[in-house]
Each structure stands twice: as C-alpha cells, then as structure tokens.
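Engineer: build me a structure from this.
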Amino acid sequence: MTRSRIAITLAAMRFHVRVGILPHERELTQPLELDLTVRLAPESAEVLDYRTLYALTREVIERGPLEYLETIAGEIASRCLALPGVASVRVAVRKPHVSLGGPLAHAEVVVEQDRE
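Structural biologist: Numbering: from 1, shown residues only. So this is what the prediction gives:
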C-alpha cells in the first residue's frame, strides 16, 4: 500500500504593513514576506484549498497592529493547524528592511507546529 504525504506551500507572500516596536516602524509601512507550508496528515482525505491559507494569512497580517515576527508566525501557524486534516505547519516571516548597522538581506523568524 502506498501512503502519500501532501504539502502545500505558499512562497514569498508579500504585504506592506506597519510592523515592529520602534517609533518609525509604527508610522511607516514596510514590506513583510511570508512562506507558509502546511502538511496534511497521511490518513487525511481532506483537500485543502490554498486560497483558504492565503486568506487566513492575510487576515492575521491586516488585522494589526503587528509588533513581533514571532507573534505573527505563531498565530498563523496555530490557525492553520486548527484546519481539518492538517498535521503540521511551518511559517517563515521576513523583514527585508532591517537596520542593524551592516549589510543584511533580511531578518527571519520561523515557527513550526505539529498536531499532537
């Protein structure tokens, strides 16, 4: 018997939002980039529409105010894990414009959650 593993990934979703705790981050929008991978349970017969995943992500991002990348990723992961048939989720949130005094492509936080 063959068992399939299904993963759905939405890569490099981009939003322009106010995110961060510094005064200028509370006033000016900046790009925020997210990757989301959801794995379905092997025994699941569920079909998960990726539009649902995008809409869920967008709801969290647009609700604001956004402070910490960990909080954003954690909420998206928890909401995805609550969907029928989802076994695990990985969310990566990136801020490309982080000023740390030297060259930097982006700051990234990754949250992974599994159904117990």
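
Engineer: wait, a helix at residue 74?
Structural biologist: Yes: according to DSSP: H, G, I helix; E, B strand; the rest coil, residue 74 belongs to a helix.

Engineer: contacts only, for it.
Structural biologist: 91, 111 (C-beta atoms under 8 Å, 6 or more residues apart in numbering). For glycine as for every other residue, the C-beta is placed from the backbone atoms N, C-alpha and C.

Engineer: in which helix or strand would I find residue 11?
Structural biologist: Counting by DSSP states H and E, the element that carries residue 11 is strand 7-17.

Engineer: that strand pairs with which strands?
Structural biologist: Applying DSSP bridges, strand 7-17 is found paired with strand 30-40 (antiparallel).

Engineer: contacts for whichever helix or strand comes after the strand it pairs with?
Structural biologist: For strand 30-40, the following helix or strand on the C-terminal side (DSSP H and E) is helix 50-63. Outside of helix 50-63, the residues within contact range by C-beta under 8 Å, 6+ apart are 8, 10, 13, 15, 17, 32, 34, 36, 38, 72, 75-76, 79-80, 83.
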